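Engineer: coordinates for the following, if possible.
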Amino acid sequence: MISIKGVQHQYAQQQPIRFKDWQISDGEKWLLLGESGSGKTTLLHILTGILKPAQGEVEINGTAIYQLSAKKLDQFRGQQIGIIFQKPHLIKSLTINENLLLAQSFAHLPVDQQRIDEVLESLGIMAKKDFYPATLSQGQLQRVSIARALINKPALLIADEPTSSLDDKNAAAVLQLLMQLSDLNQATLIVTTHDKRVKDAFTHTYELI
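Structural biologist: The predicted model follows:
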């Protein structure tokens, strides 16, 4: 499913960051654990095709993503990778439904209103689909972010620090939701965090020192 081999990256005048090889099978759930400054964000960007590594190869479903043209890589990312960012990057002038339609369009996929309704229903926010982002609570916005990540049925679902600002109860609830949605959508799940509270929820851990 996902293969990372010989990957390293170097920012100007800094020591190179070397990442150990990583093999992830279909449907597995992984925790990407590391303190701030350990290279977690760098690896996340390399995994998602945002940052090309100085060395090494990343393959997703047999596709070497850095051998694709920029246009093809954008399209591949939109179709194969769903990213739940720490903050919801929604277009404020569009409704929730319109934001999700846009996510389908960016991935060069046909409009599928039934899929949008299905995902919103599964997240309990169907009633908010014609609302604007500014009118939703933080919890509802997080669910919209999850909906957008899932909308194109990605093979890989990545959640970036989804529990960092949550108390214990809500952190557990969000993790359970991500696990359930990963199973429901048959997506491989990677959760990046420095929050050691979530460690026990995962059997697979890739840790950066």
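Engineer: for the chain, what helix or strand is lowest in average pLDDT?
Structural biologist: In the chain, the helix or strand scored least confidently by mean pLDDT, DSSP states H and E is helix 168-184, which has a mean of 84.
Engineer: isn't residue 148 up against residue 101?
Structural biologist: No: Residue 148 is not in contact with residue 101 according to C-beta atoms under 8 Å; the separation is 10.5 Å. For the C-beta atoms, the positions are set from N, CA and C on the backbone; glycine is no exception.
Engineer: buried stuff in stretch 169-189?
Structural biologist: Of all the residues in stretch 169-189, those buried under the rule 16 or more other C-beta atoms under 10 Å are 171, 174-175, 177-178, 181-182, 185, 187-189.
Engineer: any chance of those residues in TSV, plus distance to residue 38?
Structural biologist: Supplementary listing: those in TSV, determined by distance: C-beta to C-beta, whole Å:
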residue	distance to residue 38
171	21
174	22
175	21
177	26
178	22
181	27
182	24
185	29
187	25
188	22
189	20
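Engineer: quick one: which of those is nearest residue 113?
Structural biologist: Comparing those against residue 113 with C-beta to C-beta picks out residue 185 as the nearest, at 17.7 Å.
Engineer: any idea how far residue 37 is from the closest residue to that closest one other than its chain neighbours?
Structural biologist: Distances taken as C-beta to C-beta, 6 or more residues apart in numbering put residue 150 closest to residue 185, at 5.7 Å, once the chain neighbours are dropped. Noted for residue 150: a distance of 30 Å to residue 37, by C-beta to C-beta, to the nearest Å.
Engineer: quick one: which of those two has more around it?
Structural biologist: Taking other C-beta atoms under 10 Å, residue 150 and residue 37 do not tie; residue 150 has more neighbours (24 against 9).
Engineer: so that one touches residue 82, yeah?
Structural biologist: Yes: assessed by C-beta under 8 Å, residue 150 is found in contact with residue 82 at 5.6 Å.
Engineer: which neighbours do the two share?
Structural biologist: Counting by C-beta atoms under 8 Å, 6 or more residues apart in numbering, the shared contacts of residue 150 and residue 82 are 157, 187.
Engineer: this structure: helices as residue ranges?
Structural biologist: Counting by DSSP state H, one finds helices in the chain at the ranges 40-47, 70-80, 96-106, 113-122, 138-150, 168-184.
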